[in-house]
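Student: show me how the following folds:
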Amino acid sequence: MPTIEPFDSDSDQPTGLTRRQLLQRMGLVGVGAALVPNLVLNAASAATKATKKPAAGGAAGAQLAKLLSIDPKFAAKGLDFSVGAVLAISGSGSFYGKTMSRGIDLAVAHIKAAGGPNFKVIYKDHKSGDPAAGQAAVTELGAAGVSAKLASYVDDLGAMFQGTEQYKMFTLDGGGGTSIFGQGKPYFWGTRAITPNDPLPGLFQYLKKALPAAKTVGLVGWDLGEPANGIIKKDVLAKITAGGYTHNGLYELVPVGGQDFSQVLPKIKQNESDILIVSIYGQDPGSFLNQSVTSGVKSLMIGSEFTPDGVSASKGTYDSAGWTFAYDYFDATAPTSPLAKLFVSEFKAKYKELPDFYAANFYENMLVLWEVMRRTLKKGGNVKKGEQLDAALRENLTVVSVYGGDASTVGSYTLDPTTHSVVKRGMGVFEYKAGKVTTKATFGINGEGFKIA
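Tutor: Numbering: from 1, shown residues only. Modelled structure (predicted):
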């Protein structure tokens with residue numbers, strides 16, 4: 001595989017399991033407080049009154065309120081608000097449920113401490129991409145009158161779209177965005193870059209400089225079924241051509257959550273491309289890299305995700321061979337804005353490790369939900385109506401983010417009113433090797449603002 005040389009220049013709702021109940025069923029309650037919500041705010045408040053010293057949560061809340069310029073009149077202080085969170089709590093992608101819920105739980109605590117509502121999160125398990133589980137989850141949330149939810153796996157690979165529309169449930173998906181097949185769906189908004197599609201223009205600009213001899217591109221991706229597969233493929237092939245490359249005919253789809261690539265690797269070897277886009281997620285890319293290196297694949301592989309789960313599944317190959325990836329990665333080792341620094345500091349203090357980009361995405365999803373609620377209340381609206389939350393978002397599609405910004409300014413991203421996908425979102429090309437991530441290039445949607453790191 002060629003290398004790239006560096007350049008000089010817990011809910012009380014009867015309709016869903018509580019977080020603790022879910023973890024009990026998974027046998028995880030005993031692993032410690034890192035896996036359960038922060039339920040000590042009341043105790044912290046009591047301690048504050050007794051000692052006259054500010055609690056850490058209160059300090060973070062005050063800082064958050066200042067950073068977001070919160071108007072107390074519309075902050076929904078003390079309002080009980082149920083929000084659904086349909087995540088991969090079990091199955092091959094359970095890492096996602098763990099890290100996403102950590103981001104949610106931290107935001108819930110911070111928002112309350114900042115004078116906001118009492119969010120009650122109803123966690124539902126879509127079992128790592130099981131459509132039936134997703135359909136059941138949205139039905140249960142809808143029947144309970146939940147007006148908003150956070151989602152992942154592109155609303156469980158499309159199975160939840162109908163229920164989301166039926167119940168007018170305002171939805172933010174910070175896990176998979178809208179993908180190409182989920183664009184424009186009512187009440188459904190993708191709050192991160194679509195992979196592999198969105199990073200491709202910027203990635204190709206980088207590869208023209210880093211690997212100028214490369215001419216052909218192939219792809220290995222998750223099999224999402226039709227029509228999703230065809231919609232995604234059409235867009236990917238168009239971007240390959242627009243980037244000045246030739247698709248060599250290699251476009252292989254593999255099962256979601258699969259760990260055995262023995263059937264597809266011979267096909268890759270028979271029709272090897274210079275560049276191989278690896279659009280699979282979770283543990284899958286780690287297993288794929290390990291098996292492909294063993295099989296002798298020489299293509300430069302570019303992934304669409306980097307997680308500790310992938311590192312583990314690679315059995316050391318990420319560290320030895322390196323793993324290059326392109327998407328909207330959150331670098332917790334170098335947070336830019338004061339909001340990002342607050343998030344990273346608080347996450348590390350609570351969970352004893354740095355957050356990944358999924359934790360960052362779902363933390364900011366909760367901040368966006370709160371922002372939309374404040375807009376609704378300012379107009380005299382009803383936050384228990386998903387259609388009113390949706391309308392409030394549309395009033396200004398640039399919203400708060402832990403990405404971007406600078407030393408004194410909070411970052412933001414922008415959504416499109418038609419596609420419901422991001423049109424302004426920072427991305428880049430990165431490489432993980434020997435325990436360290438290095439930024440190679442940065443850019444936005446359509447390669448905007450491309451810059452070699």
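
Student: got the residue ranges for the helices in the stretch 201-350 of the chain?
Tutor: 228-242, 265-270, 284-295, 308-313, 317-321, 338-351 (DSSP state H, counting those that start in this stretch).

Student: rounded mean pLDDT for stretch 136-145, please.
Tutor: Taken as a whole, stretch 136-145 has an average pLDDT of 97.

Student: buried sites along that stretch?
Tutor: 136-142, 144 (16 or more other C-beta atoms under 10 Å). Quick note: C-beta positions are derived from backbone N, CA and C, even for glycine.

Student: and residue 438, bridged to which residues?
Tutor: With DSSP bridges applied, residue 438 shows beta-bridge pairing to residue 431.

Student: so what secondary structure elements neighbour the helix or strand where residue 361 lies?
Tutor: Secondary structure assigned from DSSP states H and E places residue 361 in helix 357-378. Applying 3 or more C-beta pairs under 8 Å, 6 or more residues apart in numbering; DSSP states H and E, one finds that helix 357-378 contacts strand 80-87, helix 94-113, strand 148-151, strand 170-173, helix 338-351, helix 386-395, strand 398-401.

Student: show me what the mean pLDDT comes to for the fifth one.
Tutor: To tie it back to what came earlier, the one meant is helix 338-351. Throughout helix 338-351, pLDDT has a mean value of 98.

Student: could you give the angle of that helix to helix 357-378?
Tutor: Helix 338-351 and helix 357-378 are oriented at 120 degrees to each other (axes from the mean of the first three to the mean of the last three C-alpha atoms, to 10 degrees).

Student: and for the first one?
Tutor: Note on geometry: by the same axes, to 10 degrees, strand 80-87 and helix 357-378 are set 150 degrees apart in direction.

Student: tilt between strand 80-87 and helix 94-113?
Tutor: Going by the same axes, to 10 degrees, strand 80-87 makes 160 degrees with helix 94-113.

Student: strand 80-87 packs against which elements?
Tutor: Against strand 80-87 (3+ C-beta pairs under 8 Å, 6+ apart) you get helix 94-113, strand 118-125, helix 131-143, strand 148-151, helix 357-378.

Student: how far away is residue 77 from residue 313?
Tutor: 44 Å (C-beta to C-beta, to the nearest Å).

Student: more crowded one of these two?
Tutor: When residue 77 and residue 313 are compared for neighbours, residue 313 comes out ahead with 22 against 14, by other C-beta atoms under 10 Å.

Student: the more buried one reaches residue 284, doesn't it?
Tutor: Yes - counting by C-beta atoms under 8 Å, residue 284 is a contact partner of residue 313 at 7.5 Å.

Student: now do the shared contacts for these two.
Tutor: residue 259 (C-beta atoms under 8 Å, 6 or more residues apart in numbering).

Student: name the helix or strand of the chain that has the lowest mean pLDDT.
Tutor: helix 41-51 (a mean of 32; mean pLDDT, DSSP states H and E).

Student: where does pLDDT dip in the stretch 1-150 of the chain?
Tutor: Residues of the stretch 1-150 of the chain meeting the criterion pLDDT under 70: 1-57.

Student: apply 50 and report the result again.
Tutor: 1-56 (pLDDT under 50).

Student: show me what contacts residue 194?
Tutor: Residue 194 neighbours (C-beta under 8 Å, 6+ apart): 177-180, 421-422.

Student: want to try JSON lines for those, with secondary structure as columns?
Tutor: JSON lines is the format used below for the contacts of residue 194 (DSSP: H, G, I helix; E, B strand; the rest coil):
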{"residue": "177", "secondary structure": "coil"}
{"residue": "178", "secondary structure": "coil"}
{"residue": "179", "secondary structure": "coil"}
{"residue": "180", "secondary structure": "coil"}
{"residue": "421", "secondary structure": "coil"}
{"residue": "422", "secondary structure": "strand"}
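
Student: hmm, which two among those are most spread apart?
Tutor: Spatial extent of those (C-beta to C-beta) is set by the pair 180 and 422 at 12.9 Å.

Student: now do the closest residue to residue 264 other than its chain neighbours against residue 288, distance only.
Tutor: Among residues not flanking residue 264 along the chain, residue 252 sits closest, at 4.9 Å (C-beta to C-beta, 6 or more residues apart in numbering). From residue 252 over to residue 288 the distance is 11 Å, taken as C-beta to C-beta.

Student: pick out whichever of these two has more residues nearby.
Tutor: Between residue 252 and residue 288, residue 288 has the larger neighbour count (other C-beta under 10 Å), namely 28 against 17.

Student: residue 180 and residue 422: which is more packed in?
Tutor: residue 422 (26 against 20).

Student: contacting residues for that one?
Tutor: 177, 190-194, 198, 413-416, 445.

Student: mind putting the residues you listed into JSON lines with pLDDT, distance to residue 81 and secondary structure?
Tutor: Below are the contacts of residue 422 laid out as JSON lines (pLDDT from 0 to 100; distance: C-beta to C-beta, whole Å; DSSP: H, G, I helix; E, B strand; the rest coil):
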{"residue": "177", "pLDDT": "95", "distance to residue 81": "24", "secondary structure": "coil"}
{"residue": "190", "pLDDT": "98", "distance to residue 81": "22", "secondary structure": "strand"}
{"residue": "191", "pLDDT": "97", "distance to residue 81": "19", "secondary structure": "coil"}
{"residue": "192", "pLDDT": "96", "distance to residue 81": "23", "secondary structure": "coil"}
{"residue": "193", "pLDDT": "96", "distance to residue 81": "28", "secondary structure": "coil"}
{"residue": "194", "pLDDT": "96", "distance to residue 81": "29", "secondary structure": "coil"}
{"residue": "198", "pLDDT": "97", "distance to residue 81": "31", "secondary structure": "coil"}
{"residue": "413", "pLDDT": "97", "distance to residue 81": "23", "secondary structure": "strand"}
{"residue": "414", "pLDDT": "98", "distance to residue 81": "25", "secondary structure": "strand"}
{"residue": "415", "pLDDT": "98", "distance to residue 81": "22", "secondary structure": "strand"}
{"residue": "416", "pLDDT": "98", "distance to residue 81": "27", "secondary structure": "coil"}
{"residue": "445", "pLDDT": "95", "distance to residue 81": "32", "secondary structure": "helix"}
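
Student: can you report how many residues neighbour the closest residue to residue 203 other than its chain neighbours?
Tutor: Leaving aside its sequence neighbours, residue 203 sits nearest to residue 326 (C-beta to C-beta, 6+ apart; 4.4 Å). Using other C-beta under 10 Å, residue 326 is surrounded by 29 other residues.

Student: same thing with residue 414?
Tutor: When neighbours are counted by other C-beta under 10 Å, residue 414 registers 15.

Student: do the one 4 residues further on as well
Tutor: Here the neighbour count serves as a burial measure; for residue 418 (other C-beta under 10 Å) it reads 9.

Student: then residue 225?
Tutor: Burial of residue 225, expressed as a neighbour count using other C-beta under 10 Å, amounts to 14.
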